[in-house]
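J.: Structure for the following, please:
(one chain, ligands or ions: 2)
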Amino acid sequence: MKTSLTGIKPTHLPHLGNYLGAIRPALSLVDQYRTLYFIADYHAVTTVRDANALRGYIRDVAATWLACGLDPERTLLYRQSDVPEVFELTWVLSCLLATGQLERGHAYKDALARGESPNAGIFNYPALMAADILLYDTDVVPIGKDQKQHLELTRDIAMRLNHVYGEGTLVVPEALISDAPLVPGTDGEKMSKSKGNGIPLFESPRKLRKVIMGIKTTSESLEDPKTAEGSTVYALYSLVAPDRAPEMKQKLAAGGYGWGHAKEDLFQAIEAEVGPKREEYLSIRADEEQLDAILHSGADKARQIAHATIQRVRGAVGID
Ligand code: ADP
Ligand code: TRP
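T.: Ligands and ions are numbered 1, 2, ... in the order given. Down below sits the predicted model:
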(Lines give C-alpha, C1' and ligand atoms only; values in the text may rest on other atoms or scores of the structure.)
(Ligands and ions follow the chains in the order given, each with its own letter.)
Protein backbone atom coordinates (compact mmCIF):
# COMPACT_ATOMS: atom_id res chain seq x y z
CA MET A 1 0.00 0.00 0.00
CA LYS A 2 1.35 3.43 -0.89
CA THR A 3 1.87 6.07 1.78
CA SER A 4 0.04 9.37 1.89
CA LEU A 5 1.34 12.04 4.25
CA THR A 6 0.37 15.60 4.93
CA GLY A 7 1.18 18.30 7.48
CA ILE A 8 -1.20 20.70 9.14
CA LYS A 9 0.12 23.96 10.53
CA PRO A 10 -1.42 24.70 13.95
CA THR A 11 -1.72 28.46 13.54
CA HIS A 12 -5.45 28.97 14.01
CA LEU A 13 -8.75 27.32 14.77
CA PRO A 14 -9.81 25.43 11.64
CA HIS A 15 -12.55 27.07 9.54
CA LEU A 16 -15.09 25.68 7.09
CA GLY A 17 -12.64 26.21 4.19
CA ASN A 18 -10.06 24.01 5.93
CA TYR A 19 -12.68 21.33 6.46
CA LEU A 20 -14.06 21.24 2.91
CA GLY A 21 -10.74 22.00 1.22
CA ALA A 22 -8.28 19.91 3.21
CA ILE A 23 -9.63 17.78 6.05
CA ARG A 24 -12.46 16.00 4.24
CA PRO A 25 -10.43 15.24 1.08
CA ALA A 26 -7.45 13.96 3.11
CA LEU A 27 -9.67 11.71 5.22
CA SER A 28 -11.20 10.21 2.10
CA LEU A 29 -7.81 8.65 1.25
CA VAL A 30 -7.66 6.17 4.14
CA ASP A 31 -9.00 3.25 2.14
CA GLN A 32 -6.45 3.69 -0.62
CA TYR A 33 -3.30 4.60 1.30
CA ARG A 34 -1.37 4.09 4.49
CA THR A 35 -1.99 7.54 5.94
CA LEU A 36 0.26 9.71 8.11
CA TYR A 37 -1.09 13.11 9.13
CA PHE A 38 0.92 15.30 11.43
CA ILE A 39 0.64 18.57 13.28
CA ALA A 40 3.43 20.74 11.91
CA ASP A 41 4.14 22.54 15.18
CA TYR A 42 7.73 23.53 14.41
CA HIS A 43 6.49 25.13 11.19
CA ALA A 44 4.07 27.19 13.27
CA VAL A 45 6.99 28.58 15.29
CA THR A 46 7.97 30.59 12.19
CA THR A 47 4.98 32.84 12.88
CA VAL A 48 3.24 32.10 16.20
CA ARG A 49 4.87 34.00 19.06
CA ASP A 50 2.44 33.12 21.84
CA ALA A 51 3.41 29.82 23.51
CA ASN A 52 0.02 29.27 25.13
CA ALA A 53 -1.79 29.98 21.90
CA LEU A 54 0.44 27.45 20.11
CA ARG A 55 -0.20 24.83 22.82
CA GLY A 56 -3.91 25.38 22.29
CA TYR A 57 -3.82 25.32 18.47
CA ILE A 58 -1.91 22.02 18.46
CA ARG A 59 -4.69 20.35 20.41
CA ASP A 60 -7.47 22.26 18.60
CA VAL A 61 -6.20 20.99 15.27
CA ALA A 62 -5.65 17.42 16.46
CA ALA A 63 -9.12 17.30 18.05
CA THR A 64 -10.66 18.76 14.89
CA TRP A 65 -9.22 16.02 12.67
CA LEU A 66 -10.31 13.33 15.12
CA ALA A 67 -13.81 14.81 15.37
CA CYS A 68 -14.02 14.97 11.57
CA GLY A 69 -13.45 11.22 11.40
CA LEU A 70 -9.73 10.53 11.61
CA ASP A 71 -9.42 7.07 13.11
CA PRO A 72 -6.07 6.83 14.97
CA GLU A 73 -6.13 3.06 14.51
CA ARG A 74 -5.91 3.56 10.76
CA THR A 75 -4.08 6.87 10.42
CA LEU A 76 -0.91 7.85 12.26
CA LEU A 77 -1.66 11.21 13.85
CA TYR A 78 1.40 12.76 15.50
CA ARG A 79 3.17 15.95 16.29
CA GLN A 80 6.12 16.86 14.10
CA SER A 81 8.09 17.82 17.23
CA ASP A 82 7.72 14.32 18.71
CA VAL A 83 9.98 12.99 15.96
CA PRO A 84 13.20 15.01 16.27
CA GLU A 85 14.89 12.89 13.57
CA VAL A 86 13.27 15.36 11.20
CA PHE A 87 15.97 17.91 12.05
CA GLU A 88 18.77 15.52 11.24
CA LEU A 89 17.32 14.98 7.81
CA THR A 90 16.64 18.71 7.39
CA TRP A 91 20.35 19.36 7.84
CA VAL A 92 21.47 16.78 5.32
CA LEU A 93 18.92 18.07 2.81
CA SER A 94 20.01 21.67 3.43
CA CYS A 95 23.53 20.72 2.47
CA LEU A 96 22.25 19.66 -0.93
CA LEU A 97 20.03 22.70 -1.49
CA ALA A 98 21.24 25.77 -3.32
CA THR A 99 20.46 28.98 -1.42
CA GLY A 100 19.00 30.31 -4.67
CA GLN A 101 16.29 27.67 -4.46
CA LEU A 102 15.29 28.95 -1.05
CA GLU A 103 15.46 32.56 -2.27
CA ARG A 104 12.85 31.67 -4.88
CA GLY A 105 10.51 30.20 -2.22
CA HIS A 106 6.98 31.67 -2.42
CA ALA A 107 6.51 32.18 1.31
CA TYR A 108 9.87 33.94 1.62
CA LYS A 109 9.37 36.06 -1.50
CA ASP A 110 5.83 37.03 -0.47
CA ALA A 111 7.06 38.13 2.94
CA LEU A 112 9.75 40.27 1.28
CA ALA A 113 7.16 41.72 -1.11
CA ARG A 114 5.03 42.72 1.89
CA GLY A 115 7.99 44.71 3.15
CA GLU A 116 8.65 42.34 6.04
CA SER A 117 12.07 41.08 7.04
CA PRO A 118 11.37 37.34 7.14
CA ASN A 119 13.15 35.23 9.74
CA ALA A 120 15.51 32.41 8.78
CA GLY A 121 12.83 29.88 9.74
CA ILE A 122 10.64 31.16 6.92
CA PHE A 123 13.64 31.08 4.59
CA ASN A 124 14.49 27.47 5.52
CA TYR A 125 10.89 26.29 5.75
CA PRO A 126 11.03 24.31 2.46
CA ALA A 127 13.96 22.21 3.75
CA LEU A 128 12.05 21.26 6.91
CA MET A 129 8.96 20.49 4.85
CA ALA A 130 11.00 18.29 2.50
CA ALA A 131 12.36 16.41 5.54
CA ASP A 132 8.80 16.03 6.93
CA ILE A 133 7.90 14.20 3.76
CA LEU A 134 11.06 12.26 2.92
CA LEU A 135 11.52 10.93 6.44
CA TYR A 136 8.50 8.65 6.04
CA ASP A 137 9.03 7.12 2.57
CA THR A 138 6.02 9.09 1.38
CA ASP A 139 4.55 8.31 -2.03
CA VAL A 140 1.88 10.99 -2.25
CA VAL A 141 1.30 14.28 -0.49
CA PRO A 142 -2.24 15.69 -0.54
CA ILE A 143 -1.86 19.47 -0.64
CA GLY A 144 -3.47 22.65 -1.90
CA LYS A 145 -2.09 24.40 -5.00
CA ASP A 146 -0.20 26.87 -2.82
CA GLN A 147 2.12 24.06 -1.70
CA LYS A 148 3.05 22.85 -5.20
CA GLN A 149 6.37 24.64 -5.26
CA HIS A 150 7.38 23.03 -1.95
CA LEU A 151 6.64 19.61 -3.38
CA GLU A 152 8.69 20.28 -6.49
CA LEU A 153 11.60 21.28 -4.32
CA THR A 154 11.13 18.14 -2.21
CA ARG A 155 11.23 15.94 -5.29
CA ASP A 156 14.23 17.78 -6.64
CA ILE A 157 16.22 17.39 -3.44
CA ALA A 158 15.30 13.70 -3.05
CA MET A 159 16.46 12.99 -6.59
CA ARG A 160 19.66 14.92 -5.98
CA LEU A 161 20.42 13.01 -2.78
CA ASN A 162 19.75 9.71 -4.54
CA HIS A 163 21.97 10.77 -7.43
CA VAL A 164 24.84 11.82 -5.16
CA TYR A 165 24.63 9.11 -2.50
CA GLY A 166 22.88 6.18 -4.10
CA GLU A 167 19.62 5.50 -5.87
CA GLY A 168 16.88 4.26 -3.57
CA THR A 169 18.10 6.11 -0.49
CA LEU A 170 14.95 8.27 -0.47
CA VAL A 171 11.50 7.71 -1.96
CA VAL A 172 10.64 10.48 -4.44
CA PRO A 173 7.09 11.61 -3.61
CA GLU A 174 4.35 13.03 -5.78
CA ALA A 175 1.93 15.84 -5.07
CA LEU A 176 -1.73 14.98 -4.90
CA ILE A 177 -3.24 18.35 -5.68
CA SER A 178 -6.72 18.52 -4.26
CA ASP A 179 -9.50 19.27 -6.73
CA ALA A 180 -11.61 20.51 -3.83
CA PRO A 181 -13.02 23.91 -4.79
CA LEU A 182 -11.93 27.07 -3.04
CA VAL A 183 -14.40 27.93 -0.33
CA PRO A 184 -15.40 31.60 -0.26
CA GLY A 185 -15.48 33.51 3.01
CA THR A 186 -18.15 35.90 4.26
CA ASP A 187 -16.90 38.65 1.92
CA GLY A 188 -16.85 36.42 -1.16
CA GLU A 189 -13.03 36.24 -1.25
CA LYS A 190 -11.18 32.96 -0.53
CA MET A 191 -11.90 32.04 3.07
CA SER A 192 -8.73 32.60 5.03
CA LYS A 193 -7.82 33.04 8.64
CA SER A 194 -5.73 36.10 7.87
CA LYS A 195 -8.59 37.87 6.05
CA GLY A 196 -11.04 37.66 8.96
CA ASN A 197 -13.72 36.26 6.62
CA GLY A 198 -13.80 32.75 8.09
CA ILE A 199 -16.81 30.67 8.98
CA PRO A 200 -15.86 28.90 12.21
CA LEU A 201 -16.10 25.15 12.21
CA PHE A 202 -16.72 24.35 15.86
CA GLU A 203 -17.72 27.53 17.61
CA SER A 204 -21.21 27.77 19.12
CA PRO A 205 -24.28 27.56 16.87
CA ARG A 206 -25.08 31.12 17.93
CA LYS A 207 -21.73 32.40 16.72
CA LEU A 208 -22.07 30.37 13.54
CA ARG A 209 -25.48 31.88 12.81
CA LYS A 210 -24.18 35.38 13.49
CA VAL A 211 -21.28 34.93 11.07
CA ILE A 212 -23.60 33.52 8.38
CA MET A 213 -26.08 36.35 8.82
CA GLY A 214 -23.15 38.71 8.21
CA ILE A 215 -22.37 37.33 4.72
CA LYS A 216 -22.40 40.13 2.16
CA THR A 217 -25.38 40.05 -0.23
CA THR A 218 -26.99 42.38 -2.75
CA SER A 219 -29.87 44.53 -1.54
CA GLU A 220 -32.96 43.48 -3.55
CA SER A 221 -36.26 43.44 -1.69
CA LEU A 222 -37.83 40.21 -0.50
CA GLU A 223 -40.19 39.94 -3.50
CA ASP A 224 -37.52 40.50 -6.17
CA PRO A 225 -36.29 37.50 -8.17
CA LYS A 226 -32.61 36.95 -7.38
CA THR A 227 -29.67 35.42 -9.21
CA ALA A 228 -27.96 32.55 -7.43
CA GLU A 229 -24.77 32.75 -9.49
CA GLY A 230 -22.23 35.10 -8.04
CA SER A 231 -23.80 35.04 -4.59
CA THR A 232 -21.62 33.88 -1.72
CA VAL A 233 -24.56 32.39 0.17
CA TYR A 234 -25.46 30.21 -2.81
CA ALA A 235 -21.82 29.28 -3.49
CA LEU A 236 -21.43 28.08 0.09
CA TYR A 237 -24.76 26.27 0.01
CA SER A 238 -23.72 24.42 -3.17
CA LEU A 239 -20.59 23.21 -1.40
CA VAL A 240 -22.31 22.14 1.80
CA ALA A 241 -25.59 20.80 0.39
CA PRO A 242 -25.00 20.12 -3.33
CA ASP A 243 -28.15 18.01 -3.63
CA ARG A 244 -30.39 20.81 -2.45
CA ALA A 245 -28.66 23.66 -4.28
CA PRO A 246 -30.95 23.57 -7.34
CA GLU A 247 -33.92 24.05 -5.03
CA MET A 248 -32.40 27.17 -3.50
CA LYS A 249 -31.60 28.47 -6.96
CA GLN A 250 -35.23 28.09 -7.98
CA LYS A 251 -36.54 29.75 -4.86
CA LEU A 252 -34.23 32.70 -5.39
CA ALA A 253 -35.28 33.04 -9.02
CA ALA A 254 -38.99 32.88 -8.15
CA GLY A 255 -38.92 35.86 -5.76
CA GLY A 256 -40.53 36.01 -2.32
CA TYR A 257 -37.47 34.30 -0.86
CA GLY A 258 -35.03 36.76 0.68
CA TRP A 259 -31.32 36.56 1.39
CA GLY A 260 -32.25 36.18 5.06
CA HIS A 261 -34.14 32.99 4.20
CA ALA A 262 -31.24 31.73 2.12
CA LYS A 263 -28.84 32.42 4.98
CA GLU A 264 -31.10 30.56 7.39
CA ASP A 265 -31.13 27.56 5.01
CA LEU A 266 -27.35 27.78 4.74
CA PHE A 267 -27.03 27.90 8.52
CA GLN A 268 -29.23 24.81 8.86
CA ALA A 269 -27.21 22.94 6.23
CA ILE A 270 -23.87 23.75 7.86
CA GLU A 271 -25.23 22.95 11.30
CA ALA A 272 -26.49 19.58 10.06
CA GLU A 273 -22.98 18.76 8.80
CA VAL A 274 -20.92 20.15 11.67
CA GLY A 275 -23.27 19.92 14.67
CA PRO A 276 -22.56 16.24 15.52
CA LYS A 277 -18.86 16.75 14.84
CA ARG A 278 -18.84 19.76 17.18
CA GLU A 279 -20.15 17.60 20.01
CA GLU A 280 -17.41 15.10 19.33
CA TYR A 281 -14.82 17.86 19.11
CA LEU A 282 -15.79 19.35 22.47
CA SER A 283 -15.55 16.01 24.21
CA ILE A 284 -12.17 15.12 22.63
CA ARG A 285 -10.80 18.59 23.32
CA ALA A 286 -11.86 18.42 26.96
CA ASP A 287 -9.80 15.28 27.62
CA GLU A 288 -6.25 16.50 27.02
CA GLU A 289 -4.64 13.44 28.55
CA GLN A 290 -6.41 11.11 26.17
CA LEU A 291 -5.67 13.42 23.24
CA ASP A 292 -1.98 13.58 24.11
CA ALA A 293 -1.92 9.79 24.46
CA ILE A 294 -3.25 9.45 20.90
CA LEU A 295 -0.58 11.86 19.63
CA HIS A 296 2.20 10.06 21.49
CA SER A 297 1.11 6.68 20.27
CA GLY A 298 1.10 8.00 16.69
CA ALA A 299 4.56 9.46 17.25
CA ASP A 300 5.95 6.16 18.56
CA LYS A 301 4.94 4.42 15.36
CA ALA A 302 6.03 7.30 13.14
CA ARG A 303 9.40 7.33 14.86
CA GLN A 304 10.10 3.75 13.87
CA ILE A 305 9.72 4.66 10.21
CA ALA A 306 11.78 7.82 10.73
CA HIS A 307 14.54 5.90 12.46
CA ALA A 308 14.94 3.46 9.57
CA THR A 309 15.15 6.33 7.07
CA ILE A 310 17.70 8.21 9.14
CA GLN A 311 19.87 5.10 9.43
CA ARG A 312 19.75 4.74 5.66
CA VAL A 313 20.60 8.38 5.08
CA ARG A 314 23.42 8.35 7.63
CA GLY A 315 24.89 5.30 5.99
CA ALA A 316 24.56 6.83 2.54
CA VAL A 317 26.33 10.08 3.45
CA GLY A 318 29.05 8.38 5.50
CA ILE A 319 27.95 9.21 9.03
CA ASP A 320 27.37 5.81 10.52
P1 ADP B 1 -5.61 29.81 5.84
O2 ADP B 1 -5.54 30.14 4.37
O3 ADP B 1 -6.89 30.19 6.46
O4 ADP B 1 -4.40 30.32 6.62
P5 ADP B 1 -4.29 27.29 5.92
O6 ADP B 1 -3.17 27.89 5.13
O7 ADP B 1 -4.01 26.90 7.33
O8 ADP B 1 -5.56 28.24 5.92
O9 ADP B 1 -4.86 26.06 5.11
C10 ADP B 1 -4.77 24.71 5.50
C11 ADP B 1 -5.37 23.86 4.39
O12 ADP B 1 -6.73 24.24 4.15
C13 ADP B 1 -4.64 23.97 3.06
O14 ADP B 1 -4.51 22.69 2.50
C15 ADP B 1 -5.54 24.80 2.19
O16 ADP B 1 -5.45 24.39 0.84
C17 ADP B 1 -6.93 24.51 2.77
N18 ADP B 1 -7.76 25.71 2.65
C19 ADP B 1 -7.58 26.88 3.33
N20 ADP B 1 -8.50 27.80 2.99
C21 ADP B 1 -9.28 27.20 2.06
C22 ADP B 1 -10.42 27.65 1.31
N23 ADP B 1 -10.92 28.85 1.45
N24 ADP B 1 -10.96 26.77 0.43
C25 ADP B 1 -10.45 25.53 0.28
N26 ADP B 1 -9.39 25.07 0.95
C27 ADP B 1 -8.80 25.88 1.84
N1 TRP C 1 3.55 23.91 4.47
C2 TRP C 1 2.25 23.32 4.70
C3 TRP C 1 1.19 24.43 4.80
O4 TRP C 1 1.54 25.59 4.96
C5 TRP C 1 2.23 22.49 5.97
C6 TRP C 1 3.22 21.38 5.92
C7 TRP C 1 4.38 21.27 6.64
C8 TRP C 1 3.15 20.22 5.08
N9 TRP C 1 5.02 20.13 6.32
C10 TRP C 1 4.31 19.46 5.38
C11 TRP C 1 2.22 19.79 4.14
C12 TRP C 1 4.56 18.24 4.72
C13 TRP C 1 2.48 18.57 3.49
C14 TRP C 1 3.63 17.81 3.79
O15 TRP C 1 0.01 24.15 4.73
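J.: what about whichever residue of the chain sits closest to ligand 1, neighbour count?
T.: The minimum distance from the chain to ligand 1, using C-beta to the nearest ligand atom, falls at Gly21 (1.9 Å). Backbone N, C-alpha and C define where each C-beta goes, glycine included. The burial count assigned to Gly21 is 20, neighbours taken as other C-beta atoms under 10 Å.
J.: Same check on the one 10 residues further on?
T.: Using other C-beta under 10 Å, Asp31 has 8 other residues around it.
J.: With Ala180 instead?
T.: Ala180: 19 neighbours (other C-beta under 10 Å).
J.: same question, Lys210
T.: For Lys210, using other C-beta under 10 Å, the count is 13.
J.: what's the answer for the one 4 residues further on, then?
T.: The tally of other residues near Gly214 (other C-beta under 10 Å) stands at 12.
J.: Next, the contact list for it, please.
T.: By C-beta atoms under 8 Å, 6 or more residues apart in numbering, Gly214 lies in contact with Thr186.
J.: Can you give me the pLDDT of it?
T.: Looking at Gly214, its pLDDT reads 97.
J.: From ligand 2, how far out is it?
T.: Using C-beta to the nearest ligand atom, to the nearest Å, one gets 27 Å for the distance from Gly214 to ligand 2.
J.: circling back: excluding sequence neighbours, find me the nearest residue to the residue of the chain closest to ligand 1.
T.: Ala180 (4.7 Å; C-beta to C-beta, 6 or more residues apart in numbering).
J.: what are the phi and psi angles of the residue of the chain closest to ligand 1?
T.: Torsion angles at Gly21 (phi, psi; degrees, to the nearest 10) stand at phi -90, psi -20.
J.: and what of Glu288?
T.: Torsion angles at Glu288 (phi, psi; degrees, to the nearest 10) stand at phi -60, psi -30.
J.: and what of Asp82?
T.: Asp82 has phi and psi values of phi -80, psi 0 when expressed as degrees, to the nearest 10.
J.: give the contact list for it.
T.: 295-296, 299, 302-303.
J.: Kindly recompute the last result at 7 Å.
T.: Shown in contact with Asp82 (C-beta atoms under 7 Å, 6 or more residues apart in numbering): 295-296, 299.
J.: Which ones among those map onto strands?
T.: Assigned to strands by DSSP state E, none of the contacts of Asp82 qualify.
J.: Ligand 2: which of those residues is nearest?
T.: Nearest member of these to ligand 2, counting by C-beta to the nearest ligand atom, is Ala299, at 15.3 Å.
J.: What is the neighbour count of the closest one?
T.: Ala299, neighbours per other C-beta under 10 Å, totals 19.
J.: wait, it sits on Gln80?
T.: No - in this structure Ala299 lies outside contact range of Gln80 using C-beta atoms under 7 Å: 9.2 Å.
J.: Sort out for me which of the contacts of Asp82 are in helices.
T.: 295-296, 299 (DSSP state H).
J.: could you pull out the helices for the stretch 101-250 of the chain?
T.: Assigned by DSSP state H, counting those that start in this stretch, the stretch 101-250 of the chain shows helices spanning 106-113, 120-134, 148-165, 205-213, 232-240, 245-254.
J.: how about those in JSON lines, adding distance to Leu282?
T.: JSON lines is the format used below for the helices of the stretch 101-250 of the chain (distance: least, C-beta to C-beta, whole Å):
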{"stretch": "helix 106-113", "distance to Leu282": "33"}
{"stretch": "helix 120-134", "distance to Leu282": "30"}
{"stretch": "helix 148-165", "distance to Leu282": "34"}
{"stretch": "helix 205-213", "distance to Leu282": "12"}
{"stretch": "helix 232-240", "distance to Leu282": "21"}
{"stretch": "helix 245-254", "distance to Leu282": "30"}
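J.: Let me see the contact set for the residue nearest to Gly21.
T.: Applying C-beta under 7 Å, 6+ apart to Ala180 gives the contacts 20-21, 25.
J.: I'd say Ile305 and Tyr136 touch.
T.: Yes - using C-beta under 7 Å, Ile305 is in contact with Tyr136, at 5.2 Å.
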